[in-house]
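Engineer: heads up, no residue letters with this:
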């Protein structure tokens, strides 16, 4: 019976913390065993120095180079191990230290690990490590300088020492042989910044004087400044890794502060210097670094003006003692950069050659490439060997990880014990293989299952090391996730430390692989989540998905892996590959060369599903293709809505466009606003399936996997994809269709267009009876009827504007027309709906217009705006128009006395003509006006509903509108009748006056008198009316 | 009577417009008046200039052939038209802009007309034949909307020596209009000006669900469906078609697609069955299923 691995762990978070140190600086100096137990051999180039015969290419050659120098009393040996940050330089140096024979009488070893963090500790380590006396006094002075001084005071003292160095200690540089032009300029710039030397030898108007200015002083001493950071490193342990070189920066000078210039007012020379510094601060910053290097030993008490012991003195004494003891001094520094501001003392020693009283130095130090290149010339020229890390411990990445997996399983205590038992300089074979020895020297009880399920790696010196909790896929994905340029430190931090610590907790709780696994491993997927899960749902689905990706490479999960992670995997789960559809497409012509397949665009989509951001171009593309696919199946034209152009297209576009597809907050572009159709595109399995389907169909135009322009997405079935897309497109199209129809209110917009034209025709003077058919309304133009009266002019204008507006006219064909001919014009319209709407319009035209304004303000702004203009004009004109009509009707009713206008006009013309011939017509010059009025009256049709209008006293705006076809004639007729009546009145008065003055006139022809008598009746009536109106 | 070849401008939307107007005027409408009412935009001069009399006349003739519209002789030169009395109420009731019920009636009449003609030994309308054939094609490989980009070859290959029901680009456009209007196909526009016509009768079937029994054995269900919509694979129509891939007894693939879509939309339940004698195989790509019963979950209003 096989053993279950459920919840099994062969490491603990504690064992990881005790054994895995990605930063060698954090590894205690006594922890060689831990360090060596997982050390992977590295390849080093040897660009400088003599190569030792039979030397390997790994770190052993450094040891060989060091040892080969032992015994050479005339020369120091300086060995630099260089490489990039995190490449493993310190590991090499530490390895060398670990393999030095401590019992060798020929040398004394001073080892300074990177773990030393403060300058005090560094100095103490040197002092303690150097043989000879004087160290106590030296350290007492350091402790006094640092211990009796607060950080602020030390910082200020440093600044003063810097000023002192600038004024006195730093010497002007002299020209060098072979100095380049650039070097000459830099040298002269530096010397110029030092200032001018006065009679006493002190410098004036140089950088030291600038440092004394309060604004400059304040910025240099600010928190987070260079001086502040250095002082902090004196007192506290601060994290520092190689490559982090401390220097003064532009922010350490008040380059943008105007206060400096004010402070320099009156000092032209210093002001000029400040301008130079502001223009190019780099030379000044370099000089400040130089000054600080001088200032630190003095401020820390390492150098005294008196006779106290200095670091240089301590080294000399040690070397002298060693010489006397016929020993050599071996210095091993894991990181040269940690000497920072006191490296000058060290470099002096490197440059001091051995002699009769001084023992030789054998120095091995690690340094990153950039600082190595900046080493002083005095050191550079004395480097004996340079070893450069060429390929790191990651040459065999699986083995690198496996060594650490074994280390965390064995534990610190065990490896330290094993290392202590090692008698020779063996590099391999002293660490036990945990898989083979876990159970009191016997193999781990789950070794067989574990190795079968998770796999192993063959590691030199260890044998087969189980990969648990990794397997080969997981290791690959873990390492890939760190990128191509990953350093061993990167790998250890994440792939070993963090992953194992988290795995310990989560495997124990049965919650592994947890969500953060996605960040720990390369989570690139080629298939969608649902195809990877193959329908598996439930509370384990997410864990299973992560396991399938990271451990199963998206296909299947080993049952042992599943058991260890407490996952239930559906039996028989295998990757799905598409099967060709029943109807295979025509085979391609054998003569045709198949086009190479493009790479699938879907992985970006699948990555988006699991949390990555979808590239903007992809988001745009999906929006575009979804829009096109939905748009093409709206089929609104079958419901007689033309949306290819014109108003229909505008309305649809406002409602539904590419922004309707919302890919979430992190997607580029705006999303459709309120009132628009909006489809939320989520990262759920179904939507991913739809998007994958849409992309395939859009790019290929079919569902035949073999005929695609890119590979069919693994795990998907063509029909399933098609079904998913079809259903979603149908649903989306339904929503858009419904929204569109709501927006245009079914046939409402067409009815509104027809109705508005009908009302406009009526307002322009056409009778309601003549606009009863859609046909009439759509073909009629603005009527050339009697001009509107002034009070109706605005309404008439608004009505005619509507009738001339082709967009309103065309609207009917666009939202209620069958358009399928070659011209694209409407062939037929859905007249039933329109006629029914027209009836309602004509029943209450003003209410109808108001409804059009309300209902189509957004959907059809031109129509609604025109309707608004018309109904507003109608309502504004109505009171005056109704009054005008009322007056006119009254005038006509009273004036015509039931006679037809034409007959009254005829009679009046006869009377007027005779009066004119008799010379009685008055006003004497009014005949033309009288005649025109007669013509107008004559044109007034008989049968106007005057009596009816008078009888109905409740007139409203709609009455002013619907009576336009006759009231504008009536008003003109009434005005004409008024002109006639006034003329007749004046003429009658003239006749009566003439009757008394000129009796001869009574001799006029009898027939004329008779005619006058006939007309008199009317004239009397008209005259009476005038009097009444005048209040006479 | 051939619709595509003889009345290529006829269309379902035009037929709907005509039917609706006539249904609102049950006493009938004279042709001139009908034309005037429905063609307010078209100048009199340009009406009916085509050889087939334009959209109006062509659709009127098709409606007449389908017995949806009936002529009433007024005088020798004047005709009055009315919708078939049996359809008048249904047409008048469907006031939705899409008039799906009316379009469904047209589809049903079209299928029935074709089946009847075949039974009588007469040639069925080309449109009925073309739709039936189209609905037996593989929807996984849709047709291009461009006549020369596949459809032409497909029709010619299908009918060999005989004249295919769709013979040129204009008839193909007309066919596509009919297919989409009658709920038998959808269009898909892709990039690069390419478009496809997918055989998908989902909409057509969805509309008639209200008239289908809510539960039925699978084979009976399809027989019932064919009686309503013969173009979906009625044996009489299928028998006069050229050989298509698969057995004529199989449910056509577009119909399978529609059934599965309706199932997914929650309108149908397809009850699986392996051994029932009434079972029907729904075959399409890998998604083969045998169903024994069909349940309607959501009856259409």
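Structural biologist: Looks like it arrived, so ask away. None of the values given here were measured: they were computed from a predicted structure. Numbers count the residues shown, from 1 in each chain, chains lettered A, B, ... in the order given.
Engineer: only C-alpha atoms from now on, for both contacts and neighbour counts.
Structural biologist: Fine.
Engineer: all strands of the chain, in order?
Structural biologist: Unless you meant another one, I'm taking chain A. Under the criterion DSSP state E, chain A contains strands at A:43-48, A:77-83, A:107-112, A:196-197, A:203-204, A:328-333, A:361-368, A:385-391, A:456-459, A:463-466, A:661-662, A:679-680, A:817-818, A:828-829.
Engineer: wait, chain B was what I had in mind.
Structural biologist: Using DSSP E, strands in chain B cover B:29-30, B:69-73, B:79-83, B:143-144, B:185-189, B:195-199, B:215-217, B:268-272, B:280-282, B:289-296.
Engineer: which positions in the stretch 151-300 of chain B make contact with chain A?
Structural biologist: B:180-181, B:186-191, B:195-196, B:245, B:257, B:260-261, B:264-265, B:284-287 (CA under 8 Å from any CA of the partner chain).
Engineer: narrow those to just the buried residues.
Structural biologist: B:180-181, B:186-190, B:195-196, B:257, B:260-261, B:265, B:284-285 (16 or more other CA atoms under 10 Å in any protein chain shown).
Engineer: who's in contact with stretch A:100-116?
Structural biologist: Residues outside stretch A:100-116 that contact it (CA atoms under 8 Å, 6 or more residues apart in numbering or on different chains): A:24-29, A:63, A:70-71, A:90, A:94, A:97, A:122, A:125-126, A:129-130, A:326-335, A:338.
Engineer: so which of these belong to helices?
Structural biologist: Residues of the contacts of stretch A:100-116 located in helices (DSSP state H): A:63, A:90, A:94, A:97, A:122, A:125, A:126, A:129.
Engineer: now the closest residue in space to the first one that isn't next to it in sequence: how far from chain B?
Structural biologist: If I follow you right, that is residue A:63. Leaving aside its sequence neighbours, residue A:63 sits nearest to residue A:96 (CA to CA, 6 or more residues apart in numbering or on different chains; 5.4 Å). According to CA to the nearest CA, to the nearest Å, residue A:96 and chain B sit 66 Å apart.
Engineer: all helices for the stretch 151-300 of chain B, in order.
Structural biologist: For the stretch 151-300 of chain B, the helices defined by DSSP state H, counting those that start in this stretch cover B:151-159, B:169-181, B:202-208, B:218-228, B:235-239, B:253-264.
Engineer: I'd like those helices as TSV, with distance to residue A:890 appended.
Structural biologist: Shown next, in TSV, are these (distance: least, CA to CA, whole Å):
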stretch	distance to residue A:890
helix B:151-159	76
helix B:169-181	61
helix B:202-208	63
helix B:218-228	69
helix B:235-239	77
helix B:253-264	72
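Engineer: among those, which is nearest residue A:220?
Structural biologist: Nearest to residue A:220 among those is helix B:253-264 (73.0 Å), distances taken as CA to CA.
Engineer: so which elements touch that closest one?
Structural biologist: helix A:718-743, helix B:202-208, strand B:268-272 (3 or more CA pairs under 8 Å, 6 or more residues apart in numbering or on different chains; DSSP states H and E).
Engineer: and that helix with helix A:718-743, angle?
Structural biologist: 70 degrees (axes from the mean of the first three to the mean of the last three CA atoms, to 10 degrees).
Engineer: got a list of contacts for helix B:253-264?
Structural biologist: A:723, A:726-727, B:135-139, B:199-202, B:205-206, B:232, B:268-270, B:282-284.
Engineer: on that earlier part again, which one of the buried ones among the residues of the stretch 151-300 of chain B next to chain A sits closest to chain A?
Structural biologist: residue B:285 (4.1 Å; CA to the nearest CA).
Engineer: distance check, the residue of the stretch 51-200 of chain B found nearest chain A against residue B:10.
Structural biologist: Residue of the stretch 51-200 of chain B nearest chain A, by CA to the nearest CA: residue B:98 (4.0 Å). According to CA to CA, to the nearest Å, residue B:98 and residue B:10 sit 17 Å apart.
Engineer: comparing those two, which residue is more hemmed in?
Structural biologist: Higher neighbour count among residue B:98 and residue B:10: residue B:10, with 28 against 21, using other CA atoms under 10 Å in any protein chain shown.
Engineer: what does the stretch 401-550 of chain A put close to chain B?
Structural biologist: So the stretch 401-550 of chain A never meets chain B (CA under 8 Å from any CA).
Engineer: point out where the stretch 401-550 of chain A drops to low pLDDT.
Structural biologist: A:423-428 (pLDDT under 70).
Engineer: and the helices in it?
Structural biologist: Going by DSSP H, counting those that start in this stretch, the stretch 401-550 of chain A shows helices at A:412-420, A:434-437, A:447-454, A:472-481, A:488-490, A:499-509, A:517-520, A:529-533, A:541-550.
Engineer: make TSV out of the helices of the stretch 151-300 of chain B and add mean pLDDT.
Structural biologist: Converted to TSV, the helices of the stretch 151-300 of chain B look like this (pLDDT from 0 to 100):
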stretch	mean pLDDT
helix B:151-159	90
helix B:169-181	95
helix B:202-208	95
helix B:218-228	94
helix B:235-239	89
helix B:253-264	95
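Engineer: correct me, but residue A:813 touches residue A:831?
Structural biologist: No - judged on CA atoms under 8 Å, residue A:813 makes no contact with residue A:831 at a distance of 10.7 Å.
Engineer: which residues of the stretch 801-950 of chain A lie near chain B?
Structural biologist: A:813, A:818, A:820, A:821, A:826, A:827, A:828, A:829, A:830, A:831, A:832.
Engineer: need these in CSV (columns: pLDDT and neighbour count).
Structural biologist: CSV is the format used below for those (pLDDT from 0 to 100; neighbours: other CA atoms under 10 Å in any protein chain shown):
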residue, pLDDT, neighbour count
A:813, 88, 25
A:818, 90, 32
A:820, 80, 21
A:821, 67, 12
A:826, 84, 23
A:827, 87, 22
A:828, 90, 28
A:829, 90, 29
A:830, 91, 29
A:831, 91, 26
A:832, 89, 23
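Engineer: so which two of those residues are the farthest from each other?
Structural biologist: Using CA to CA, those span at most 21.7 Å, a distance reached by A:821 and A:832.
Engineer: so what's the closest residue to residue A:631 other than its chain neighbours up against?
Structural biologist: Once flanking residues are discounted, residue A:631 sits nearest to residue A:733: 7.2 Å by CA to CA, 6+ apart. When contacts are counted by CA under 8 Å, 6+ apart, residue A:733 touches A:630, A:631, A:633, A:634.
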